[in-house]
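*Asks:* Could you work out the structure for the sequence below:
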Amino acid sequence: MGLNSNIIYAVVARGTLVLTEYATASGNFITVSRVILEKIANQNNIKMSYLYDRFTFHYMTAGGLTYLCMADESFPKRIAFSFLADTQRRFEAAYRPDVIQRAVAFQMNEDFCRTLANQMTYYSKDPAADKLSQVRAQVDETKGIMVENIDKLMDRGERIELLVEKTNDLDQQAYTFQTEAKKMKWKAWLNNFKWYIIGGSVVALIILITIISIWVSV
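*Replies:* Presented below is the predicted three-dimensional model:
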């Protein structure tokens, strides 16, 4: 792995619904990831890589979930998919299937984004991550994984210039990213709560109308 070759971003999603994500840089790649998630939402048991400018989006789908990461183009594909497989194992060990299926946007972010951060650092920086004993199972398999240009996936006009601003201040970047994620989680909770209020009001109105109808008919 080169000095500046890293996993920059990772996300776990159910269809297009993001459950948790983490990034070590800023840029518009999160917007790009949403477009990719929309395009591959109906896939299952697929492993694929897409080149996008100087970066590569790697993803695998399993059990209705998508595990996706973005890395520098020079980052070894076998290690990227080893990271994704590790993420899948850890995520499935942390949450029951019924919890995953009922989860709202970013529900797992507060707990699992730290796991993503730790494993991204390990697979990007620790030489042990590239030891043959740890990646042997992925070597032959990843040779057969297709690597396509992103233009194969996106329609004309959807492709935008990918901007990535790396930083050495990873702690500050992590804080900023988690703060934004918490805001989005809070927004999703408020949206769900709004529908609970509306539903409760409708039920209360129906009960009130029923009571009035019975009272008038007596």
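
*Asks:* drop to CA atoms for contacts and neighbour counts, all remaining ones
*Replies:* OK.

*Asks:* For this structure, which residues score under the pLDDT cut-off?
*Replies:* For the chain, the stretches with pLDDT under 70 are 1-4, 131-144, 155-163, 166-196, 199, 216-218.

*Asks:* For it, just list every one of the helices.
*Replies:* Using DSSP state H, the helices of the chain run over 29-39, 77-94, 97-102, 109-125, 132-143, 170-217.

*Asks:* Pull out the buried positions in the second one.
*Replies:* With burial defined by 16 or more other CA atoms under 10 Å, the residues of helix 77-94 counted as buried are Lys77, Arg78, Ile79, Ala80, Phe81, Ser82, Phe83, Leu84, Ala85, Thr87, Gln88, Phe91.

*Asks:* Alpha carbons only: can I get it in CSV?
*Replies:* C-alpha atoms of helix 77-94 as CSV (Å, rounded to 0.1, in the frame of the first residue of the first chain):
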residue,chain,number,x,y,z
LYS,A,77,-8.8,-4.5,-4.3
ARG,A,78,-8.3,-7.7,-2.2
ILE,A,79,-7.8,-5.6,0.9
ALA,A,80,-10.9,-3.5,0.2
PHE,A,81,-13.1,-6.6,-0.1
SER,A,82,-11.4,-8.1,2.9
PHE,A,83,-12.5,-4.9,4.8
LEU,A,84,-16.0,-5.2,3.5
ALA,A,85,-16.3,-8.9,4.5
ASP,A,86,-15.0,-8.0,7.9
THR,A,87,-17.6,-5.2,8.2
GLN,A,88,-20.3,-7.6,7.2
ARG,A,89,-19.3,-10.1,9.9
ARG,A,90,-19.1,-7.4,12.6
PHE,A,91,-22.4,-5.7,11.6
GLU,A,92,-24.3,-9.0,11.6
ALA,A,93,-22.8,-9.9,15.0
ALA,A,94,-23.8,-6.6,16.5
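
*Asks:* which helices and strands does that helix pack with?
*Replies:* On a contact count with 3 or more CA pairs under 8 Å, 6 or more residues apart in numbering; DSSP states H and E, helix 77-94 meets strand 55-62, strand 65-72, helix 109-125, helix 132-143.
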